[in-house]
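Undergrad: I would like to see how this sequence folds:
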Amino acid sequence: MRDILTTQNVINFITSLADGDLNLATEFVWIIIATALSMIGGAIGGMLLAGKDIGYQFSAMLGALFAPAGVIPAILLGLVVLNWLTNY
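TA: Residues are numbered from 1 along each chain as shown. Now for the predicted structure:
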């Protein structure tokens with residue numbers, strides 16, 4: 001595991017993530033991170049809103065499924081705008 005983290009390609013990739021460089025690989029990683037965080041937030045929100053009515057597990061599952069439907073297009077639009085703004 002130590003050898004994987006010390007290769008030059010991985011170091012360059014982590015550096016580009018930290019610097020805010022936008023390329024295809026970093027955009028894909030940010031979409032994955034945003035989707036995971038939105039699923040967690042949607043599950044918590046679903047439990048808070050409808051936990052007592054339809055059950056906590058079912059409301060968490062529905063919240064986790066529906067939250068990325070609004071987040072993924074917003075993240076893609078934001079990354080496109082950021083990529084466009086960095087050219088100017």
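Undergrad: relative to Ala36, how far out is Phe13?
TA: In this view, Phe13 and Ala36 are 18 Å apart by Cβ to Cβ, to the nearest Å. Yep, even glycine has a C-beta here, placed from its N, CA and C like the rest.
Undergrad: the more surrounded of these two?
TA: Phe13 (16 against 12; other Cβ atoms under 10 Å).
Undergrad: so what's that one up against?
TA: 25-26 (Cβ atoms under 8 Å, 6 or more residues apart in numbering).
Undergrad: report the separation between it and Gly55.
TA: 42 Å.
Undergrad: which ones are touching the residue of the chain most remote from its centre?
TA: Going by Cα atoms, centre = their mean, the residue of the chain most distant from its centre is Asp53, 29.1 Å out. For Asp53, the contact set (Cβ under 8 Å, 6+ apart) comprises Ser59.
Undergrad: off-centre distance for the host helix or strand of Met47?
TA: Using DSSP states H and E, Met47 sits in helix 24-54. Remark: helix 24-54 is offset 8 Å from the chain centroid, using Cα atoms, centre = their mean, to the nearest Å.
Undergrad: for it, buried residues please.
TA: In terms of neighbour count (16 or more other Cβ atoms under 10 Å), helix 24-54 has its buried residues at 26-27, 30-31, 34, 38-39, 42-43, 45-47, 50-51.
Undergrad: could you list the low-pLDDT ranges of the protein?
TA: Flagging of the chain using pLDDT under 70 yields the residue ranges 1.
Undergrad: okay, the most centrally placed residue in it and Tyr56: tell me how far apart.
TA: Nearest residue to the geometric centre of the chain (Cα atoms, centre = their mean): Ala34, 1.3 Å. Per Cβ to Cβ, Ala34 is found 25 Å from Tyr56.
Undergrad: can you check Phe66 too?
TA: Counting by Cβ to Cβ - Phe66 and Tyr56 are separated by 16 Å.
Undergrad: from the chain's centre, how far out does the host helix or strand of Pro68 sit?
TA: Using DSSP H and E, Pro68 falls within helix 56-86. On the basis of Cα atoms, centre = their mean, helix 56-86 sits 7 Å off its chain's mean C-alpha point.
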